[in-house]
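1. would you be able to build a 3D model of this:
(chains A, B, C, D, E and F)
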Protein chains: 4
Amino acid sequence: MDRKQAILKAASNLFAERGFASTSTSAIAKKAGVAEGLIFHYFKTKQGIIINILKEMLEQYIAEFEQTAQQELIGLQAIKKLISFHFQFGENNHEALLIVIRDFPHDLMAPGSPTRVILEDRSSHIINILKECIERGINDRSIRDLPAAKTAFIIHGLLHGISRLKMLGNMVLPDLSKEVVKFCHRSLDGFLATNNKPE
Amino acid sequence: MDRKQAILKAASNLFAERGFASTSTSAIAKKAGVAEGLIFHYFKTKQGIIINILKEMLEQYIAEFEQTAQQELIGLQAIKKLISFHFQFGENNHEALLIVIRDFPHDLMAPGSPTRVILEDRSSHIINILKECIERGINDRSIRDLPAAKTAFIIHGLLHGISRLKMLGNMVLPDLSKEVVKFCHRSLDGFLATNNKPE
Amino acid sequence: MDRKQAILKAASNLFAERGFASTSTSAIAKKAGVAEGLIFHYFKTKQGIIINILKEMLEQYIAEFEQTAQQELIGLQAIKKLISFHFQFGENNHEALLIVIRDFPHDLMAPGSPTRVILEDRSSHIINILKECIERGINDRSIRDLPAAKTAFIIHGLLHGISRLKMLGNMVLPDLSKEVVKFCHRSLDGFLATNNKPE
Amino acid sequence: MDRKQAILKAASNLFAERGFASTSTSAIAKKAGVAEGLIFHYFKTKQGIIINILKEMLEQYIAEFEQTAQQELIGLQAIKKLISFHFQFGENNHEALLIVIRDFPHDLMAPGSPTRVILEDRSSHIINILKECIERGINDRSIRDLPAAKTAFIIHGLLHGISRLKMLGNMVLPDLSKEVVKFCHRSLDGFLATNNKPE
DNA sequence: AATGAATGAGCCTTCATTCAT
DNA sequence: TATGAATGAAGGCTCATTCAT
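-> Here you go, the predicted model:
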């Protein structure tokens, strides 16, 4: 119906299937059943399309991420929920994730480019949410005493990396989500820390 | 001297600097001080160059990874060494890593493509080494009882993801390496597990 | 006016002058006063141009050939008219004939290729028209009793070969057309056959 | 054994299979099991190869053509033998004929080029032989009174055209040779001419 | 005679983008 | 809003040919 949405949908399909660089605007137009010029009417440039997709996805991810973080008061529980949410989101938004995580075009990350600003902004937002949960956990003793910022970054990297490896390799590792939760739980758990001093 | 090496070096520089897609073969030839045709004499296609870089890097990485895994007999210590090695390697091979991890061209990962086969093969090789160390650790009680394969995959994803986020964001997080070692240590440590039953 | 026609005209000139392989698309564009990209907008590939020229010429040739065949009721007269027509057509369409008959690119004749199908289809169409005229002639006794299909093929080959030799050699043999008519007349004439049994 | 012959053989195969333009010197070298440079040592240029093939074939053709022309004293019989010989030769030298007759590269026929000189020279030689036989036939009354030069050209065109159509179309027309002999016989036969005035 | 690394000009084609309608 | 003809720069790649060994 909405031509703009038709373009976005067609573009998402093709980007996920062939990658951004290998998808031509003419292919998008054809798939969307639309004249090529219309794409530029709506999105100005080809990058405009992927930026739009990127923004939409990140906004949704962050909104739900934030909401999830607030559903649990206990810090450790919140982190665990966030991890579960991440993999759940990946399953529900396979295509968009594929686009953003797999082969995000290098040009779009040129220093100072709007895309980069968006991405870094959102990325640090995510890390901040994680960090706040960790700090909350340290305060409520559910999480042991550790550097919150670095740990948040590590967890973010962990989630990003596992999702990416899964996409790149088409691997199907069932229940990996639960195992990741356990993996992080063990590392963060404040109860163990109280009674034992590791290393 | 060796023209082939000159091409590889020039290509590495440019791929790392501008990305694969934005680097023209003519630019590579110019930088290498070589006729453009020679590139195709040696590498057949432009992709041939990056595949070559990829292979070389992976071979070196795996060789050293394997060697590192055997330097420590205790499972947990081995894992910790491997993590440290990973980040050390990243610092010593910043450029190659940048090329391979940041914007590896999507086309090369088409299902069934030789590149993909290589990459998946090497990837599972790395995971296997991790897995063996984990199993060793479980046997020697340095690592608690946990599913070795899944955990290996998680650690691989963790390392991959953190390296990638660092590259994408140009972030400088000093000592992240040590923090990752600690993060994993806490999650794996068998001594804690012996005395306390988490969850 | 029509850019597409301008391209076709420029291409015809150049193909006839230098041959297909030695004509670059950029030269065509320049001569047509058009951006090079427009060629591919209309014809997809360089071969697309020559295929277009080929089709147009063959369609015109066949249409007129067919019409000529019906203008004369007597079989032998029809054949003679067709022969005359062939050479007349050659003089009026020197350029297109040059392109198609002289150095039609070998690739286009690969078994199963669409071009080949077109060419074979048209070729057998021409032979069929000749065959029908011969059969008509046999019935009306203007042509002696002979194998119609084979004879049609021979006449087609005769016309094709003479035209080609003329183009290749730039030879100017005036009135060859009339001589060919006589040559075939003598071979086909039913009146002679009725009164004399050769061999 | 002989490297030069190996090159010629490989080139013949490939030219016949893919056409001259689509065959690279490197492909020839590979097929001949020889370094690419050696081709240029022997033949100077790529065209040199085809010129060599061309010359060899034409020389053989003409030698046998000439010899055939002299085997029969009666003019008409000579012509008929020549026609039969032509098709016989085509069957025995399918590959070489394919190269020369099917898609002889346009460049090689540029006015004044050595190839063109050779080809025109040989072509008129063939026509001359035909012409002499016709004149002989006119003298010995086996052939009716007709313009010898033009008729020779027509027969040459006839043979060339039929052979070419056969190659282009992969058509298998059995016994066409005999039919062509008959076709020409009827047209030339002096006996009929003596008793009947055609047209 | 024989090799094959090295050259470099040139070509077809793709593609994002513009613009008149 | 919508079209699609038209642009033109840029790029990967092929290939005949040369030359040092």
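
2. can we go C-alpha only for contacts and neighbour counts from here?
-> Noted.

3. can you name the residue of chain A nearest to DNA strand F?
-> residue A:37 (3.2 Å; C-alpha to the nearest atom of the strand).

4. give me the number of residues near that residue?
-> 12 (other C-alpha atoms under 10 Å in any protein chain shown).

5. ok, it to DNA strand E distance?
-> Distance of residue A:37 to DNA strand E, given as C-alpha to the nearest atom of the strand, to the nearest Å: 4 Å.

6. for chain D, what is the nearest residue in chain A?
-> Nearest to chain D in chain A, going by C-alpha to the nearest C-alpha, is residue A:22, at a distance of 28.4 Å.

7. tell me if the residue of chain A closest to DNA strand F really is in a helix.
-> Yes: assessed with DSSP: H, G, I helix; E, B strand; the rest coil, residue A:37 lies in a helix.

8. quick one: contacts for it?
-> By C-alpha atoms under 8 Å, 6 or more residues apart in numbering or on different chains, no residues touch residue A:37.

9. can you tell me how far the residue of chain A closest to chain D sits from residue B:21?
-> Using C-alpha to C-alpha, to the nearest Å, residue A:22 is found at 10 Å from residue B:21.

10. ditto for residue A:110
-> 13 Å.

11. quick one, domains of chain A?
-> The record's domain split for chain A, according to automatic domain parsing, is A:1-44, A:54-195.

12. which one of these is the most hemmed in?
-> domain A:54-195 (a mean of 18; mean count of other C-alpha atoms under 10 Å in any protein chain shown).

13. check whether that one contacts DNA strand F.
-> No: figure legend: domain A:54-195 not in contact with DNA strand F (C-alpha under 7 Å from any atom of the strand); closest approach 13.0 Å.

14. quick one: that domain near chain B?
-> Yes: with C-alpha under 8 Å from any C-alpha of the partner chain as the criterion, chain B is reached by domain A:54-195 at A:102-107, A:109, A:120, A:150-151, A:153-165, A:168-169, A:173, A:176, A:179-180, A:183-188, A:192.

15. now the strand or helix carrying residue A:122, how far from the chain's geometric center?
-> Here residue A:122, judged by DSSP states H and E, is contained in helix A:114-139. Chain-centre distance of helix A:114-139: 11 Å, with C-alpha atoms, centre = their mean, to the nearest Å.

16. tell me the mean pLDDT for it?
-> The average pLDDT within helix A:114-139 is 93.

17. likewise stretch A:36-56?
-> pLDDT averaged over stretch A:36-56 gives 96.

18. any residue of whatever helix or strand residue A:17 lives in touching chain B?
-> Element membership for residue A:17 (DSSP H and E) is helix A:3-18. Yes: using C-alpha under 8 Å from any C-alpha, helix A:3-18 reaches chain B at residue A:18.

19. give me the mean pLDDT for that helix.
-> 96.

20. with stretch A:159-177 instead?
-> Mean per-residue pLDDT for stretch A:159-177: 84.

21. follow-up on the earlier one: which strands or helices does the helix holding residue A:122 pack on?
-> Judged by 3 or more C-alpha pairs under 8 Å, 6 or more residues apart in numbering or on different chains; DSSP states H and E, the packing partners of helix A:114-139 are helix A:46-71, helix A:75-92, helix A:148-169.

22. give me that answer again for 6 Å
-> Applying 3 or more C-alpha pairs under 6 Å, 6 or more residues apart in numbering or on different chains; DSSP states H and E, we find helix A:114-139 packed against helix A:75-92, helix A:148-169.

23. out of these, flag the one nearest DNA strand E.
-> Taking the helices and strands packed on helix A:114-139 one by one with C-alpha to the nearest atom of the strand, helix A:148-169 is closest: 22.2 Å.

24. tell me the angle of that closest one relative to helix A:114-139?
-> Angle, helix A:148-169 to helix A:114-139, by axes from the mean of the first three to the mean of the last three C-alpha atoms, to 10 degrees: 120 degrees.

25. give me the angle between helix A:148-169 and helix A:75-92.
-> Put simply, helix A:148-169 runs at 20 degrees to helix A:75-92, going by the same axes, to 10 degrees.

26. quick one: secondary structure of the nearest residue to residue A:14 once chain neighbours are set aside?
-> The shortest distance from residue A:14 to any non-neighbouring residue, by C-alpha to C-alpha, 6 or more residues apart in numbering or on different chains, is to residue A:23 (6.4 Å). Here residue A:23 is coil, with the state taken from three-state DSSP.

27. report the separation between residue A:23 and residue A:41.
-> 18 Å.

28. circling back: got phi/psi on the residue nearest to residue A:14?
-> The phi/psi pair for residue A:23 (degrees, to the nearest 10) reads phi -110, psi 120.
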